[in-house]
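*Asks:* pasted the sequence and its predicted model underneath.
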Amino acid sequence: MQITSARRPLSRRVAPVRLSSLGPDEFEGYASLFGVPDGAGDIVMPGAFAATLRRRPPARVRMLYQHTATEPLGVWRDIREDARGLYVRGRLVLDVQRAREVRALFADGALDGLSIGFRTVRAKKSGTNRLLTEIELWEISVVTFPLLAGSSVTAVGTAAR
């Protein structure tokens with residue numbers, strides 16, 4: 001695994017893709033990427049989520065708005081590690097006003113960030129960075145400004161408008 005430099009300028013691409021396989025209340029993306037330093041210098045390593053994902057099914061990982069515990073948005077249907085990072089697929093609960101707002105913001109490309117809430121179980125230093133080798137995942141939030149550039153929604157379902 002190659003780790004990108006923390007000093008390299010980061011760019012951001014905003015382009016959610018519409019997929020027919022997603023329902024109007026569903027979305028998917030990457031909540032974390034492997035080998036990429038976040039704004040605090042943490043680098044998540046492959047396998048860091050494995051233990052927590054064995055113990056905690058997707059429905060028990062909370063989907064929140066802006067890391068606010070009083071603002072749940074929906075439920076996660078799929079959370080798994082792949083070669084790129086932590087892939088997620090979730091369903092917004094459209095009976096919740098904030099979830100309807102988030103769906104509208106997704107549709108217009110005004111909101112697309114994802115961010116993890118976690119406890120570090122194991123890590124080691126590497127220069128100015130911290131390599132996270134085991135993470136206890138608590139929640140994944142839809143956010144305006146993710147600490148990790150590139151952790152974002154990659155596809156949303158088509159909503160009837």
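*Replies:* Yep, that arrived.
*Asks:* how many neighbours does L114 have?
*Replies:* Summarising burial for L114: neighbours were counted as other CB atoms under 10 Å, giving 25. No exception for glycine: its C-beta is placed from N, CA and C like everyone else's.
*Asks:* quick check: bridge partners of it?
*Replies:* Using DSSP bridges, the bridge partners assigned to L114 are V142.
*Asks:* tell me which element F27 falls in.
*Replies:* strand 26-33 (DSSP states H and E).
*Asks:* what packs against that strand?
*Replies:* strand 68-81, strand 85-92, strand 113-126, strand 153-156 (3 or more CB pairs under 8 Å, 6 or more residues apart in numbering; DSSP states H and E).
*Asks:* which neighbouring elements make contact with the shortest one?
*Replies:* The criterion is 3+ CB pairs under 8 Å, 6+ apart, and the helices and strands that strand 153-156 contacts are strand 17-18, strand 26-33, helix 97-107.
*Asks:* now swap in the second one and tell me
*Replies:* Packing contacts for strand 85-92, counted by 3+ CB pairs under 8 Å, 6+ apart, involve strand 26-33, strand 68-81, helix 97-107.
*Asks:* what's the most buried one of the ones you listed?
*Replies:* strand 26-33 (a mean of 23; mean count of other CB atoms under 10 Å).
*Asks:* sheet partners, orientation included, of the strand holding F27?
*Replies:* Assessed with DSSP bridges, strand 26-33 is paired to strand 85-92 (antiparallel), strand 153-156 (antiparallel).
*Asks:* next, format these as JSON lines and append mean pLDDT.
*Replies:* Compiled in JSON lines, these are given as follows (pLDDT from 0 to 100):
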{"stretch": "strand 85-92", "mean pLDDT": "98"}
{"stretch": "strand 153-156", "mean pLDDT": "94"}
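*Asks:* surely V142 is in contact with V102?
*Replies:* Yes - the criterion here is CB atoms under 8 Å, and V142 meets it with V102 at 5.7 Å.
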